[in-house]
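A.B. asks: Sequence and predicted structure are below.
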Amino acid sequence: MSLKSFIARKWAAYIRKQIDRWAADPIATQEKVFLSIIQKAKHTAFGRDHHFEQIHSYEDFVRQVPIRDYEALAPYIERVKKGEENILWPGKPLYFAKTSGTTSGAKYIPLTKDSMPYHIEAARNAIMCYIAETGKADFVSGKMIFLQGSPILEKKNGIRLGRLSGISAHYVPKYLQTNRMPSWKTNCIEDWETKIDAIVEETIHENMTLISGIPPWVQMYFERLQQKSQKTVGELFPNFQLFIYGGVNYEPYRQKFEHLIGRKVDSVELYPASEGFFAYQDTQTQKGMLLLLNAGIFYEFIEADTFFSENPKRISLKDVQLGVNYVLIVSTNAGLWGYNMGDTVMFTSLSPYRIVVTGRIKHFISAFGEHVIAKEVEEALAETLAQQGGEVSEFTVAPQVNPPAGELPYHEWFIEFEQAPKDMEAFANTLDKALQAQNSYYKDLIEGKVLQRLHITPVAKGSFAQYMKSQGKLGGQNKTQHLANDRSIADKLSEK
């Protein structure tokens, strides 16, 4: 055991005790965060406009502060971008995390001196929880790679601007600097394919023990390693022990990863976003990620089924229930207030509070009233792969509302197979049955002959990467949308 491993185990045990302390008193922890951020922001422009001095309870907050998405908050953010101080949070932000928007184009999410430390601490604590539970810490002596965006930052009226992962690269602790890969020069490469090739060259002969990134882009890295070496990733990196990921559900990719690696590797899931670091997997034995209740973020929830009604009910943590699909609403120490993340989550445990991300409130298929969500298609596919075999690189699902004359409409699955199943018909049947088991409305539509069984359209290898490149979203923090209520992605893939 190296000295570094020994210290990591001791430190992990200490961190785990701290986490258990606030997790054991969750409602009080959230109440403390709530009162703290309201008090600190009451003299900001937003605080004055919404009478923060009159807010003493959650009920007061609901009356004073409406739910907003980015577009509704944009007038305040525009003032911050112009260099005004004390608008959403005291002073100016340290950074703007630039993200891809939908209706608004690029989004500029503030990161403050109060919020930024929690992003770094949460990523560290996820690793500490893994070490504390498993006792495995040898990987801290090896090389670690974090596939991320460029750390080159612009400046806008005194506020630095970049991708969240690139901003985070400036906060790598000194004790990890000698272990961290790729080099700063390689990390600054903007073109994703050029960057991946450079990362392969730098890492192929190193003792890689921890690898982190969004699964589809780590998969590309693994494939390039395999192409260059003609070896599995596990053969190249015999001490590779831990895969850390976030952004998308790992399950549809797991089988392909295990094939590329040549063995199973422990994994830890994270839920980071520009708006805050919300949760991480704190145990290898229970489903879900620990919701971070002491990280300067106050959480609210709205049942997804009621979200688009005229006056949906908002609830705080104490009123959530297991197995209900909620839209996540946050108020943060970066100056976001009643902010609709657009993500949907479901609680897997209430003691402690653990969640899974189920999708996006705008990403669903309900062309026929079925309201199928990302979690359901992802779990159905994972179950089918386990039963029928095959390996999937990427996929997306869209409704086919106007099939050839005389046919019933259906869900069309565009799947990029690394290895196609032996019996595609059996695969499609199993997948359809698995989705019916996930979603009773879909089952009713199939049994009522409103829909026919799903169709699978295999696409050529590299099609999804080509599509993402055409949208300017290849690599980094970008991820493929796994389902849509229209055919905007489907039609692009159909052109290939």
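C.D. replies: Received the coordinates, thanks.

A.B. asks: Report all helices and strands that whichever strand or helix holds D444 contacts.
C.D. replies: Using DSSP states H and E, D444 maps to helix 440-447. Judged by 3 or more Cβ pairs under 8 Å, 6 or more residues apart in numbering; DSSP states H and E, helix 440-447 is in contact with helix 424-438. The way it works is simple: take the backbone N, C-alpha and C, and place the C-beta from them, glycine included.

A.B. asks: Now T344: which helix or strand?
C.D. replies: Using DSSP H and E, T344 falls in strand 339-350.

A.B. asks: quick one on the thing from earlier: quick check: can you name the pairing partners of the helix or strand following the helix holding D444 and their directions?
C.D. replies: Heading C-terminal from helix 440-447, the first helix or strand you meet, by DSSP H and E, is strand 455-458. Under the criterion DSSP bridges, strand 455-458 sits next to strand 410-419 (parallel) in its sheet.

A.B. asks: now the angle between helix 424-438 and the partner strand, please.
C.D. replies: Interaxial angle of strand 410-419 relative to helix 424-438 (axes from the mean of the first three to the mean of the last three Cα atoms, to 10 degrees): 120 degrees.

A.B. asks: which residues sit against strand 410-419?
C.D. replies: With Cβ atoms under 8 Å, 6 or more residues apart in numbering as the test, strand 410-419 has contacts from 256, 259, 365, 372, 389-400, 403, 431, 435, 451-464, 489-490, 493.

A.B. asks: Can I have the buried ones of those residues as a ChimeraX selection?
C.D. replies: Buried residues among the contacts of strand 410-419 (16 or more other Cβ atoms under 10 Å), as a ChimeraX selection:
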select :256,259,365,372,390,391,392,393,394,395,396,397,398,399,400,431,435,451,452,454,456,459,463,464,489,490,493
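
A.B. asks: how about the CA coordinates for the helix holding D444, as PDB?
C.D. replies: The C-alpha coordinates for helix 440-447 follow below in PDB (Å, rounded to 0.1, in the frame of the first residue of the first chain):
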ATOM      1  CA  SER A 440     -48.700   1.000 -18.900                       C
ATOM      2  CA  TYR A 441     -50.100   3.700 -21.200                       C
ATOM      3  CA  TYR A 442     -47.900   2.400 -24.000                       C
ATOM      4  CA  LYS A 443     -49.100  -1.100 -23.300                       C
ATOM      5  CA  ASP A 444     -52.800   0.000 -23.500                       C
ATOM      6  CA  LEU A 445     -52.100   1.600 -26.900                       C
ATOM      7  CA  ILE A 446     -50.500  -1.600 -28.200                       C
ATOM      8  CA  GLU A 447     -53.200  -3.800 -26.800                       C
END
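
A.B. asks: Give me the buried stretch members for it, please.
C.D. replies: Those would be Y442, K443, L445, I446, for helix 440-447 by 16+ other Cβ under 10 Å.

A.B. asks: quick one, what contacts the residue lying closest to the third one once chain neighbours are set aside?
C.D. replies: Put plainly, it is L445. Leaving out its chain neighbours, the residue that sits closest to L445 by Cβ to Cβ, 6 or more residues apart in numbering is L451, at 4.5 Å. Neighbour list for L451: F368, E370, L408, P409, Y410, H411, Y442, L445 [criterion: Cβ under 8 Å, 6+ apart].

A.B. asks: What separation do you get for L451 and G166?
C.D. replies: Separation of L451 from G166 (Cβ to Cβ, to the nearest Å): 44 Å.

A.B. asks: Can you list the residue ranges for strands in the stretch 201-350 of the chain?
C.D. replies: Remark: strands assigned in the stretch 201-350 of the chain by DSSP state E, counting those that start in this stretch are 208-212, 242-246, 266-273, 276-280, 289-291, 297-303, 326-332, 339-350.

A.B. asks: Pipe those into a markdown table and attach distance to V233, mean neighbour count and mean pLDDT per row.
C.D. replies: Shown next, in a markdown table, are those (distance: least, Cβ to Cβ, whole Å; neighbours: other Cβ atoms under 10 Å; pLDDT from 0 to 100):
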| stretch | distance to V233 | mean neighbour count | mean pLDDT |
| --- | --- | --- | --- |
| strand 208-212 | 8 | 23 | 95 |
| strand 242-246 | 10 | 22 | 94 |
| strand 266-273 | 14 | 20 | 95 |
| strand 276-280 | 24 | 26 | 97 |
| strand 289-291 | 25 | 25 | 98 |
| strand 297-303 | 35 | 23 | 97 |
| strand 326-332 | 34 | 24 | 97 |
| strand 339-350 | 30 | 20 | 95 |
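
A.B. asks: of the ones you listed, which approaches L73 most closely?
C.D. replies: strand 339-350 (6.7 Å; Cβ to Cβ).

A.B. asks: now for the closest one, which elements pack on it?
C.D. replies: Judged by 3+ Cβ pairs under 8 Å, 6+ apart, strand 339-350 is in contact with strand 326-332, strand 353-360.

A.B. asks: hey, C-alpha coordinates of the longest one in CSV?
C.D. replies: Spelled out, it's strand 353-360. The C-alpha trace of strand 353-360 is given here as CSV (Å, rounded to 0.1, in the frame of the first residue of the first chain):
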residue,chain,number,x,y,z
TYR,A,353,-32.7,11.0,0.1
ARG,A,354,-31.4,9.3,-3.1
ILE,A,355,-32.6,10.0,-6.7
VAL,A,356,-32.2,8.8,-10.2
VAL,A,357,-32.4,11.1,-13.2
THR,A,358,-35.3,10.0,-15.4
GLY,A,359,-35.0,12.4,-18.3
ARG,A,360,-35.9,15.9,-19.4
